[in-house]
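A.B. asks: Sequence first, then the predicted structure:
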Amino acid sequence: MPSVFDVLSRDHEEVTRMLDELTSGPTILTGAGPTQLALRKKMVEELIIEESKHEAAEEMYFWPAVRRILPDGDELADAATDQEQVAKRALDMLDRLDASAPQFEPLLRRVMDAGREHIAFEEGTVWPKLSRALSAQEAEELGTQIGEAKKTAPTRPHPATPPHPAVLKGAGPALAAIDRLRDAITGRGQD
């Protein structure tokens, strides 16, 4: 069984890879044509899907564990979930924009910068403290919970949904079902 740090690290690596591709990809500002912009929009959709599932799973299991286990857990989790709520609002706006819209690239840049900052906060500040406080078995159990939660998590940001585990565990499956239905109808997230 992978530990929570293995599960989250894989997610972070995937998101970082996506951010790097988006950073170097053609944009409307560099003369990208319609086909390239459609591909860019599809890449952003994939980023939004992965981020939405990741953040929902963290909010259901990871941040509650941080609150419960670490002496400064409330402070750490509050800082992180505040960052995630800001990101959800930005991702929600980005999801609604066409890649040729004037506000698309500035908003995407903010999302990319915030994403890198959030990953650095988790990995550099939270993980070292939590890894010292968790047993190997606890880390594996938390990794399993997060991995399972991602399978049924929402695929779209829901900034109006409070980042509280009880709310997410109750509303999350319904939101995820609606998201996945919308995705199937529109082809979002499909190759």
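C.D. replies: Ah, there it is. Numbering: from 1, shown residues only.
A.B. asks: quick one: low-confidence parts of this protein?
C.D. replies: 164, 166-168, 170-172, 191 (pLDDT under 70).
A.B. asks: Now do the buried residues in the helix or strand L76 falls within.
C.D. replies: Of the helices and strands defined by DSSP states H and E, L76 is found in helix 73-96. The neighbour-count check on helix 73-96 (16 or more other CB atoms under 10 Å) flags 73, 76-77, 80-81, 83-85, 87-88, 90-95 as buried. Glycine gets a C-beta too; all of them are placed from N, C-alpha and C.
A.B. asks: ok, A90 to R109 distance?
C.D. replies: For A90, the distance to R109 equals 10 Å [CB to CB, to the nearest Å].
A.B. asks: What is the helix or strand harbouring R132 packed up against?
C.D. replies: Taking DSSP H and E as the criterion, R132 maps to helix 127-133. For helix 127-133, the packing partners by 3 or more CB pairs under 8 Å, 6 or more residues apart in numbering; DSSP states H and E come out as helix 4-24, helix 63-69.
A.B. asks: and of those, who's closest to S52?
C.D. replies: Nearest to S52, of all the helices and strands packed on helix 127-133, is helix 4-24, at 11.4 Å by CB to CB.
A.B. asks: Compute the number of surrounding residues for A160.
C.D. replies: Close neighbours of A160, defined as other CB atoms under 10 Å, add up to 9.
A.B. asks: meant to ask about L107, not that
C.D. replies: Residues within reach of L107, counting by other CB under 10 Å, total 17.
A.B. asks: need the contact list for the residue nearest to it when sequence neighbours are not counted.
C.D. replies: With sequence-adjacent residues excluded and distances taken as CB to CB, 6 or more residues apart in numbering, L107 is closest to L94, at 5.3 Å. The contact partners of L94, by CB atoms under 8 Å, 6 or more residues apart in numbering, come to 44, 48, 104, 107-108, 111.
A.B. asks: between these, which is closest to R180?
C.D. replies: Among those, I48 lies closest to R180 (CB to CB), at 13.8 Å.
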